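# Show me the folded form of this:
(one chain, ligands or ions: 1)
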Amino acid sequence: MAFDYDLFVIGAGSGGVRASRIAAAHGARVGICEDFRVGGTCVIRGCVPKKLLVYGSKFAHEFEDAAPFGWTVPTPTHSWETLRDNVAKEVDRLNGVYIRLLESAGVKLHLGRGRLMDRHTIAIGEETVTAEKILVATGGHPVSPDVPGKEWAISSNEAFHLAELPKRIALVGGGFIAVEFAGIFNGLGCEVDIVLRRDRVLRGFDEECRTAVNEGLRSSGIRLRTETEIVRIEASGGKAPFQVSTQLGGMFETDLVMYATGRAPNTAGIGLEKVGVQLDKAGAIAVDEWSRTTVPNIWAVGDVTDRINLTPVALMEGHCFADTEFGNRPRKPDHRDVPSAVFSQPELATVGLTEEEARMRLGEVRIFASAFRPMKATISGREQRTFMKLVVEAATDRVVGVHMVGDDAAELIQGLAVAVKAGATKAQFDATVGIHPTAGEEFVTMRTARAEPAPRARAAE
Ligand code: FAD
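Model (predicted):
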């Protein structure tokens, strides 16, 4: 049977755009559909606009820190409208860049929602196309618990378009999106509450790093309402102020509630069950290590498969799929030692195993850790600490985890991730000359392992 396309991709986000461009570069006839905006979550309402807001919010601290360095800064004022509109302009620009990337790669873009009609047929609105192979790259969406009054709350999707900044905001959740937006709103002058079920933010990260971020958030004036949940949101006429009730009879007032309580894969209403694509227990598309679904000519990559939900991982999965199926170069995505960052204030970045994971999986480990006041803070006077940790497998001397909380942690850890991926040993870290004066030099000058037994590392909850 002659198909319209060799490959049709549903969803033009990070994974879908990468896979389609690479497949086309390998000579495939490729079509792609998108029902919102080309670029996907990362470009339109995730990584990119979020990081720009982080930059915007950080100026507040820079202005405060400037005086002891001799600067006289007139009382700064901030225009949310200016920041919001400039971020939106950059998102529009990138959206255009992504559309042109597809065009120049020869990928045909179909605007509209894609649905599988059978194993080779996709409907996009009124139109139908056929393809030999299909890739599902539909990403995910925010989810929040069913709580009376939640219709007045927003998610990260809406946070980028607020008509005005609230005076007070309550962020619900302890994950990376909640803490990143807490820093953004705090820097922009809002009074911020974080409401979370656990005792600390960022479950799953190294326990000491979690504590360091928690302390950093508190010292910047963010209120953490821990080990509780919102049970009701009330307001007269659905307008601020909102009365927020928490478990055990707690109550507080805020002007906006933003849920950041997790994301779920976009699997509904796209015909997956009709063609036999199975989901896993968590509702994500079940795939093997080649991103193959349970249907032989259908693959899935990115957040819809809920492996590691990060843009560079979706890119890697999409690229590997395209090389394997169209480039005669079979390769599997490698999900080991994926570095990641949380652009909270203070920033956290990490690669490899946490101390807790390493102790559980490898047995004996050596821990090198350092907590210090960053040089800039000695003059600015800011209450700020930097925390760094190396996790070393005792039997092999291999550095299996590198963690940092502090300024530019993400930039630093990206470089160190190469060393970890290459299997560098602690001796090789020690043999590396530092750059002075930097925070990063600490990673190559920590000589004394922490005495064992370690302070009881809390097992991951
Ligand atoms: P997406 O990029 O979500 O793309 C899926 C696309 O499919 C979307 O455009 C969607 O509209 C479209 N679609 C869905 N269903 C259909 C359909 N039936 N038909 C047609 N089109 C459809 N990751 C990082 O690495 N670093 C960060 O700093 C970071 N920050 C983030 C901040 C926020 C607030 C959020 C929400 C996420 C962040 N992420 C970050 C995660 C990152 O955005 C995702 O991991 C990444 O975008 C996943 O790519 P994807 O291709 O799987 O899906």
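# show me the contacts for F160.
Applying CB atoms under 8 Å, 6 or more residues apart in numbering to F160 gives the contacts 45, 49, 53, 84, 87-88, 91. Every residue, glycine included, has its C-beta placed from N, CA and C.
# Give me the pLDDT for it.
On pLDDT, F160 comes in at 98.
# Just want to check the distance between it and V38.
Note on F160: its distance to V38, by CB to CB, to the nearest Å, is 17 Å.
# Same question for F69.
44 Å.
# Does anything pack onto the longest helix along the chain? Which helices or strands?
Secondary structure of the chain read by DSSP state H shows that its longest helix is helix 80-105. The contact analysis (3 or more CB pairs under 8 Å, 6 or more residues apart in numbering; DSSP states H and E) places helix 80-105 against helix 14-25, helix 40-45, helix 47-66, strand 108-111.
# Contacts only, for the residue nearest to the spatial centre of the chain.
In the chain, the C-alpha nearest the mean C-alpha coordinate belongs to L310, at 5.5 Å (CA atoms, centre = their mean). Going by CB under 8 Å, 6+ apart, L310 touches 338, 340.
# before we move on, what about E325?
Contacts of E325 by CB under 8 Å, 6+ apart are 7, 23, 133, 299.
# what sits against A25?
Taking CB under 8 Å, 6+ apart as the contact definition, A25 lies against A105.
# what about the nearest residue to R197 once chain neighbours are set aside, how many residues close to it?
Among residues not flanking R197 along the chain, E229 sits closest, at 5.8 Å (CB to CB, 6 or more residues apart in numbering). The local packing of E229 (other CB atoms under 10 Å) involves 17 other residues.
# thinking again about what came up before, closest to G216 out of the helices and strands packed on helix 80-105?
Across the helices and strands packed on helix 80-105, G216 has its closest neighbour in helix 47-66 (11.6 Å, CB to CB).
# For the closest one, buried residues please.
47-54, 56-58, 60-61, 65 (16 or more other CB atoms under 10 Å).
# picking that back up, comparing F69 and V38, which residue is more hemmed in?
V38 (24 against 9).
# The more buried one contacts N95, correct?
Yes: counting by CB atoms under 8 Å, V38 does reach N95; the two are 5.9 Å apart.
# Could you tell me the per-residue confidence at M258?
At M258, pLDDT is 98.
# Look up how far R361 lies from it.
As judged by CB to CB, M258 and R361 stand 36 Å apart.
# Tell me which of the two has more neighbours.
When neighbours are counted by other CB under 10 Å, M258 and R361 differ, and M258 comes out ahead with 26 against 11.
# Doesn't the more buried one belong to a helix?
No: according to DSSP: H, G, I helix; E, B strand; the rest coil, M258 belongs to no helix; its state is strand.
# Brilliant, that's me finished.
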